[in-house]
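Chemist: With the input below, show me the fold.
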Amino acid sequence: MISTIIDQKIKEAMLAKDPAKLRGLRAIKAALLLARTEKGSEEINEEAELKILQRLIKQRKESADIYKQQGREDLSVIEEEEIEVISQFMPKQLDREEVAAMIANLIKESGATSVKDMGKVMGLANKELAGKADGKLIAELVKSQLA
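Modeler: Numbers count the residues shown, from 1 in each chain. Presented below is the predicted three-dimensional model:
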């Protein structure tokens, strides 16, 4: 469970006086605490933790892109530092070719033949590739392979 590691990492970052790492770790801790209070339970499963981390990374990527467009490199760097910290708790990300191969296999298994079957394939792909690939990449590859 990620939440058990975070507290120790926060202490290490405080002792090392590493503000970037500390920001990222505190963001993770806050998001996990929020998820627990929303669900009303003490623990959330590992799959839910991965979804939370993916959401945090996606939010920071979007923010960094906006900051770059507005010429605010200083703020963009902060977001990218946090992405780096949060990514350490994610499983290894698959590259484009690996994702494409897995999607081709899923299309074959599901019997999908056209873009009309995209929803079915996306459901299977999102389960199979949860935390291992970006959702935009998955959607792009499914669409291109079914077209």
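Chemist: Who are the packing partners of the longest helix seen in the chain?
Modeler: With DSSP state H applied, the helix covering the greatest number of residues in the chain is identified as helix 46-69. Judged by 3 or more Cβ pairs under 8 Å, 6 or more residues apart in numbering; DSSP states H and E, the packing partners of helix 46-69 are helix 2-16, helix 19-39, helix 73-87. Where C-beta positions appear, they are placed from N, C-alpha and C, glycine not excepted.
Chemist: can you list these in JSON lines and add distance to residue 101 and mean neighbour count?
Modeler: Formatted as JSON lines, the entries for the helices and strands packed on helix 46-69 read as follows, by distance: least, Cβ to Cβ, whole Å; neighbours: other Cβ atoms under 10 Å:
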{"stretch": "helix 2-16", "distance to residue 101": "28", "mean neighbour count": "13"}
{"stretch": "helix 19-39", "distance to residue 101": "31", "mean neighbour count": "16"}
{"stretch": "helix 73-87", "distance to residue 101": "23", "mean neighbour count": "17"}
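Chemist: so which of the ones you listed comes closest to residue 133?
Modeler: helix 73-87 (13.2 Å; Cβ to Cβ).
Chemist: pLDDT (mean, whole number) over the closest one?
Modeler: Confidence for helix 73-87, expressed as mean pLDDT, is 93.
Chemist: Tell me the buried residues in the next helix or strand after that helix?
Modeler: Per DSSP states H and E, the first helix or strand lying C-terminal to helix 73-87 is helix 96-110. Of the residues in helix 96-110, those scored as buried under the neighbour-count criterion (16 or more other Cβ atoms under 10 Å) are 99, 100, 102, 103, 106, 107.
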